[in-house]
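K.L.:
give me a 3D structure for the following:
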Amino acid sequence: MSDRVLFWAPRALTLFFAAFLALFALDATGHGLSLWHSAAVVGIHLVPTAVVLAVLAVAWRWEAVGAGIYYGLALGYVLMAGRRVHWTAVLMISGSLAVLGTLFLVTARLRRQRATLRR
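P.N.:
Next up is the predicted model:
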C-alpha cells in the first residue's frame, strides 16, 4: 500500500464516521420545539461528532495517541451503552471507533519503522 493511502485512509474514514454520527442529530428536530430549544437539542446531539473530530485533530499529528483515544472511546461506548442499546448499534459505533484506532496505530507503527530504517 502506498504511503499516501496509509496516511489518508484513517483520516478520511474518521470524517465519514463523524458525518455518520452527525446524522443522528437530525432525529432531534421536528418535535414542535421552539427554535432555540431545537438548536440546543441538536447541539447536544452533535457532541459525539465534536469529540470524534477533536480526537482526529490529535491523531492527525500523533497517530499512536489518537489510536489509544479511539480505543478508549470504543470501550467507553460499550460500557456506557450496555444493554440499553441494541447490540448491533453498539457494534456499529464501537466497532468503527476500534477500526479507526487500529488504522491510526498501523500508520504510527509503519511511520516509526520507516524512520528507523532511514537512520
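K.L.:
buried stuff in stretch 90-104?
P.N.:
90, 93-94, 96-98, 100-101, 103-104 (16 or more other C-beta atoms under 10 Å). Backbone N, C-alpha and C define where each C-beta goes, glycine included.
K.L.:
output the lowest mean pLDDT helix or strand found in this protein.
P.N.:
Ranked by mean pLDDT, DSSP states H and E, the weakest helix or strand in the chain is helix 35-45, scoring a mean of 83.
K.L.:
which of the buried residues of stretch 90-104 sits closest to residue 17?
P.N.:
Lowest distance from residue 17 to those (C-beta to C-beta) belongs to residue 96, with 5.3 Å.
K.L.:
list the contacts of that closest one.
P.N.:
Taking C-beta atoms under 8 Å, 6 or more residues apart in numbering as the criterion, residue 96 is in contact with 17, 20.
K.L.:
likewise for the one 3 residues further on?
P.N.:
The neighbours of residue 99, taking C-beta under 8 Å, 6+ apart as the test, are residue 13.
K.L.:
the one 10 residues further on too?
P.N.:
In this structure, residue 109 makes contact with residue 64, judged by C-beta under 8 Å, 6+ apart.
K.L.:
thinking again about what came up before, now intersect the buried residues of stretch 90-104 with the helices, please.
P.N.:
90, 93-94, 96-98, 100-101, 103-104 (DSSP state H).
K.L.:
as CSV, the residues you listed with pLDDT would be great.
P.N.:
CSV is the format used below for those (pLDDT from 0 to 100):
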residue, pLDDT
90, 93
93, 95
94, 96
96, 97
97, 97
98, 98
100, 97
101, 97
103, 96
104, 97
